[in-house]
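Next come a sequence and a model predicted from it.
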Amino acid sequence: MNVLWEQFPVFRDGFLLTFQLSFLSAIGALLVGTLVAVLRISPVPPLRWLGTSYVNLFRNIPLTAVFVFVVVGLPLLGSSADFLKIPGLDQIFTRLGIDLPYFRFSIIALSLYTAAFVCEALRSGINAVPSGQAEAARSIGLTFTQNLRFIVLPQAWRAAIVPLGSVIIAMIKNSAIAGFMGLYGDLSSRGQELVSAGVNGVTYPLIPVFIAISLGFLIMTVPLGLLLDRIEKNRMVKAR
Amino acid sequence: MAQPLIELNSVNKWFGSLHVLRDVNLTVDRGEVVVVIGPSGSGKSTLCRAINRLETINSGTITFDGQPLPAEGRALARLRADVGMVFQSFNLFAHLTILQNVTLGPIKVRGESKANARERAMQLLERVGIANQADKYPAQLSGGQQQRAAIARALAMQPKAMLFDEPTSALDPEMVGEVLEVMTSLAAGGMTMIVVTHEMGFARHAAKRVVFMADGELVEQAAPAEFFGNPQSERAKDFLSKVLQH
Amino acid sequence: MLMKRLAAAAAIAVLGVGVAACGGTDPATPGPSTASFKAGSTMEKLNKAQKITIGTKFDQPGFGLKGLDGKPAGFDVEIGKLIAKELGIPADKIEWVETKSAVREEVIEKGTVDLVVATYTINDARKQRIAFAGPYYVAGQHIMVRSDDSSITGPDSFKEGTKKVCSVQGSTPATNIKKYLKDEATQLVLFGGYAECVDALKNKTVDAVTTDNVILLGFVASSNGAYKLAGNKFTDEPYGIGVKKDDTDFRNFINDLLEKIAKDGSYAKAWNDTAGKFDKNTPTAPAVNRY
C-alpha cells in the first residue's frame, strides 16, 4: 500500500478532478433528466415521443458510444462546447474554461447518458405521486407547467431520491471512462498510469494501486449513500 | 331572467363501453345549492368532475358563466380557478404546509402578493376553524381538519361556484359534522354549490334542489321537501327506502 | 575469419534455395549445407527441418502488417526472411505467428516460435528472460503534426504552454512527453487509442500526436499528406530480435547476419521496400550489441 503514500499527490489530483467531473455531470444529468421526464409525461404527443426516444436511445447504447459521439462528433460540428465555459463557475472548476474541450465533453457525455436513467427514476417518482395531487392542482387553476413545478416534481423528487442516488453513484463510477476519452488526469486513469507507464521508470503493482483508486471512489460514493439514507428518513418523518 | 351559472346540455360520457352519463341536462343558477344523490356508480361523481373538465365528455355541451368549457390549456386553467373543487380524499398538497396549500393558488394563479394571500388565507383558516394548524403539514392533521383546509384552499381562489365530490365519504363519522357545518355556512352565505353526497341530512336542510341520479341518468329533481316527501320515480323510492332505513 | 564465415553463409543461402526447391521430393536427403552449421545448434536444427516459425506484429504498418492476402509484410518481416534465407530456408517455408507485445517473452521461452522480430525494444527487464540479437533499428518517440503546421519543431515546442498534444492513456510516450509540458491540464489529451488522437489532430483540437515514430509513420503514410513528422525523434528505442536466453550461438549467427546485410545493401533494400515507403530517410543500421 506504499503507493498511496509515495504517490499521494497523483491520487489527490486525480480524485479532485474526478470529483469535479462527477459533481458537474450530476447537475447536468439531473437538469437534462428532469427535462426529459417532463417531455415523457407531456400532454403533447410529439414531445412525449421525443422524450421516450431519448430514453430508449441513451439507455440502450454503451456509454463508450455516447462518449465517441460527443468527443468525435461535436468537433465535427465545429463545437468545443464553449457554452459550458460558464463565467464564475469556471473560476471554481478551472478545467471548464480551458481551451481543451475534453472536460466539457466528458460532462456532456456523462450528463446525456445518465439523464436517461435520471428520467426513469424521476418518472417512477412521478408515478408514486397520487393522481389526486395533480388533480387538485389543476382544479385550483395551475397550468401544466406550474403543476409540475410546484406540485408534482417536488414530491416526485422526494419519492425518486433513493433511485436517483443509485443513478448518480453509478455515474460517478462511470466517470472513469473519461480518462480514455481525452480527459487527462482523472483518478482511475492516473492510477493506471502508475501501473503501466510508472513515474520516473518506477511502476507499481496493480492491486495496491486499484485499492487506492477504490478508496478515492468510496470517499465520494459512501457519503452520498449516507446522505440519501438521511434524506429518506426525514421524508418518512414528514409523511407520517 | 338571469342566465344560469352552470348549464349542461345532452351530456354523454362513456368509459369504454360503459355509458356513465346518459343525455344529462342540468342548469344551476347563481347562488343555488344543488345536492346530487344516488346509488354508487350512478355517475354523480363523474358529473361533478365533468363540470371543471377533470373528466372530458364525449358529446353534449357544458357552459360555465355563459362560456363553453375550453379545451386543455390556459383558458381551461382560468376556468378551473373560478370553480372550487373539494375531493373525497382531500388531496391537500402533501409537501406543503396548510398555509402554503391555501396561498399557492392565489399567489401563482391570481398573482396576489404573498402578504395579501397570507392574510386572506389566515382569515379563511379562521373561518373553517383550523387557523392554529396553519404551519403543519397535511399528514399531521385529522381527516376532518384536512377537508376543512381543502375547502379553505378552494375558497381562497374566490370561486364563482364550488363543487363537492363526496366530501365526507372518507371521514370518520365523528368528523363529518365539522365539515358539513362549514359547508352549511357556505351555502347560507350565498355560494353556488354542487354537492355530491350521501348525507341526506345536509341535502334536506341545506339544498335548494335535490337531483337524483341512477345508471348515468338524471332521474328526477325537486326541492328537498318535495323529493324526500314524495319521490316520483320507482328508483328514487327504492333508493330512499334503503338509505333512510339507517 | 569473419569474411570466411560470411562467404560460407552466402553459399549456404544460395544452395539452400536450391534444396528447398526440390526438398519436398526426398525429405530423407539432408541439405548439402548441413555440415556448415555447428552440430546440435539451432541453425542446424532449423536447416534440417527446412521450416522456421517467426513471431511478428500483424498490426504495425511498415513493420509487420498482415494484409488482405493473409501474408504479413513490413520491415520486421523482411528481416525475418533474411534470417531464414541465411539458414537455408525459403520464404514460403516460414510460418508467421502474431506476437502481440504482452506475449513476446512467453512465446520465446516456451519455444512456440524460433525467434521474434516484432518492434521489440531491447531492455534489461526483458533480458532477464530472453536474449536479444541486434539492434537492427532504433525507433524513438516522435511528434506528428498537420502538414501545414510548422510551429512545432520538437518536444521543446510544448514548453511554452500553448501547444496541445495527444497520446494514449497509460503509455510510455504519454509519460515521456510530460516533462516537456508547462501545464498537463491544458496541454495533454489522452485517449484509449491512437485513432482518436489522429481524429483530434485532424479537427484541430490538438496540435500534435506523440508516440513511437513507427506508429506515427503508419498514420503519416495513410493520411495522403495531411500529416508529417516534426523534428527528430527524441528517445531511443533499439529494436532487437528475440531468441532463447541461453542460445548464444543463434544470437551470434543473427548478429553476424545483421552486420552482413548492413554492408551488402539488403538492409537498405528491406527498408526501402517496406517502411521506407513512408520514411524516405533510410536509417543506418545500428551497431549490433554482442553482450
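On my side now, so go ahead.

Quick check: nearest residue in space to B:Leu76, chain neighbours excluded?
Nearest residue to B:Leu76 in three dimensions, chain neighbours excluded: B:Pro70, at 4.6 Å (CB to CB, 6 or more residues apart in numbering or on different chains). C-betas here are computed from N, CA, C, even on glycine.

For the spatially most central residue of chain A, which non-adjacent residue is closest in space?
Nearest to the mean C-alpha position of chain A, by CA atoms, centre = their mean, lies A:Ala26 at 3.1 Å. Computed as CB to CB, 6+ apart, the closest residue to A:Ala26 that is not its neighbour in sequence is A:Ile168, at 5.1 Å.

Report pLDDT for that neighbour.
The predicted structure scores A:Ile168 at 94 on the pLDDT scale.

any idea which element it lies in?
Counting by DSSP states H and E, the secondary-structure element that holds A:Ile168 is helix A:153-174.

Which strands and helices lie in contact with that helix?
helix A:8-40, helix A:102-128, helix A:206-239 (3 or more CB pairs under 8 Å, 6 or more residues apart in numbering or on different chains; DSSP states H and E).

Tell me which of these sits most buried.
Highest mean neighbour count of these: helix A:102-128, a mean of 24 (counted as mean count of other CB atoms under 10 Å in any protein chain shown).

quick one: contacts of whichever helix or strand comes after the helix holding A:Ile168?
Note on helix A:153-174: by DSSP H and E, the next helix or strand toward the C-terminus is strand A:181-182. The list of residues contacting strand A:181-182 from outside it, by CB atoms under 8 Å, 6 or more residues apart in numbering or on different chains, reads A:64, A:67-68, A:71, A:100, A:102, A:105-106, A:109, C:166, C:189-192, C:196, C:200.

do the same with stretch B:154-161
Contacts with stretch B:154-161, where a contact means CB under 8 Å, 6+ apart, come from A:139-141, B:5-6, B:28, B:30, B:64-65, B:81-86, B:102-103, B:105-106, B:109-110, B:117, B:120-121, B:124, B:162, B:186, B:191-194.

And stretch B:119-126, by the same measure?
Contact partners of stretch B:119-126, identified using CB under 8 Å, 6+ apart, comprise B:98-99, B:102-103, B:106, B:112, B:131, B:133-134, B:149, B:152, B:155-156.

From these, pick the one nearest chain A.
Within those, distances to chain A taken as CB to the nearest CB reach their minimum at B:Ala156, with 8.2 Å.

Identify the residue spatially nearest to the closest one, adjacent ones excluded.
In space, and not counting its chain neighbours, B:Ala156 is closest to B:Val102: 4.9 Å by CB to CB, 6+ apart.

For the one you found, give me its contacts.
Taking CB under 8 Å, 6+ apart as the definition of contact, the neighbours of B:Val102 are B:121, B:124-125, B:149, B:152-153, B:156.

so of those, which ones are in strands?
Judged by DSSP state E, the contacts of B:Val102 include no members of strands.

Can I have the buried ones of these as a ChimeraX selection?
Paste this into ChimeraX to select the buried members of these, with burial taken from 16 or more other CB atoms under 10 Å in any protein chain shown:
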select /B:121,124,125,149,152,153,156
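
Chain B contacts on chain C?
Contacts of chain C with chain B, taken as CB under 8 Å from any CB of the partner chain, are absent.

what's the single longest strand in chain C?
The strand spanning the most residues in chain C, taking DSSP E as the definition, is strand C:130-139.

State the mean pLDDT of that strand.
For strand C:130-139, mean pLDDT is 91.

How about stretch C:36-55?
88.

Equivalent analysis for stretch B:8-27, please.
Mean pLDDT, stretch B:8-27: 94.

That stretch: which residues count as buried?
Counting neighbours by 16+ other CB under 10 Å, one finds that the buried residues in stretch B:8-27 are B:8, B:11, B:13, B:19-22, B:24, B:26.

List of residues touching it?
By CB under 8 Å, 6+ apart, the residues outside stretch B:8-27 that reach it are B:4, B:6-7, B:34, B:43, B:46-47, B:50-51, B:55-63, B:211, B:215-218, B:221.

Endpoint to endpoint, that stretch covers what distance?
Counting by CA to CA, to the nearest Å, you get 6 Å between the two ends of stretch B:8-27.

Repeat that for stretch B:104-120.
With CA to CA applied, stretch B:104-120 spans 12 Å between its terminal residues.

same thing with stretch B:198-214?
With CA to CA as the measure, the first residue of stretch B:198-214 is 14 Å from its last.

Identify the farthest-apart pair in the buried residues of stretch B:8-27.
Using CB to CB, these reach their maximum pairwise distance at B:His19 and B:Leu26, which is 17.1 Å.

any chance you could map the strands in chain C?
If DSSP E is used as the criterion, the strands of chain C fall at C:52-56, C:59-60, C:64-66, C:72-73, C:94-98, C:115-116, C:130-139, C:141-146, C:165-168, C:188-191, C:208-212, C:227-230, C:237-244.

any idea which of those scores lowest on pLDDT?
Taking the average pLDDT of each of these, the minimum falls on strand C:59-60, with a mean of 81.

partners of that strand in the sheet?
Based on DSSP bridges, the pairing partners of strand C:59-60 within the sheet are strand C:64-66 (antiparallel).

Give me the contacts around the partner strand.
Contact with strand C:64-66 is made by C:56-59, C:72-74, C:76-77, C:96, C:98, C:117-119, C:218, as judged by CB under 8 Å, 6+ apart.

Closest one to A:Trp157 out of those, please.
For A:Trp157, the closest of these turns out to be C:Asp59, at 50.7 Å, with distances computed as CB to CB.

That closest one - how many residues pack around it?
Number of residues near C:Asp59 (other CB atoms under 10 Å in any protein chain shown) recorded here: 12.

That one and C:Asp199, how far apart?
For C:Asp59, the distance to C:Asp199 under the criterion CB to CB, to the nearest Å works out to 18 Å.
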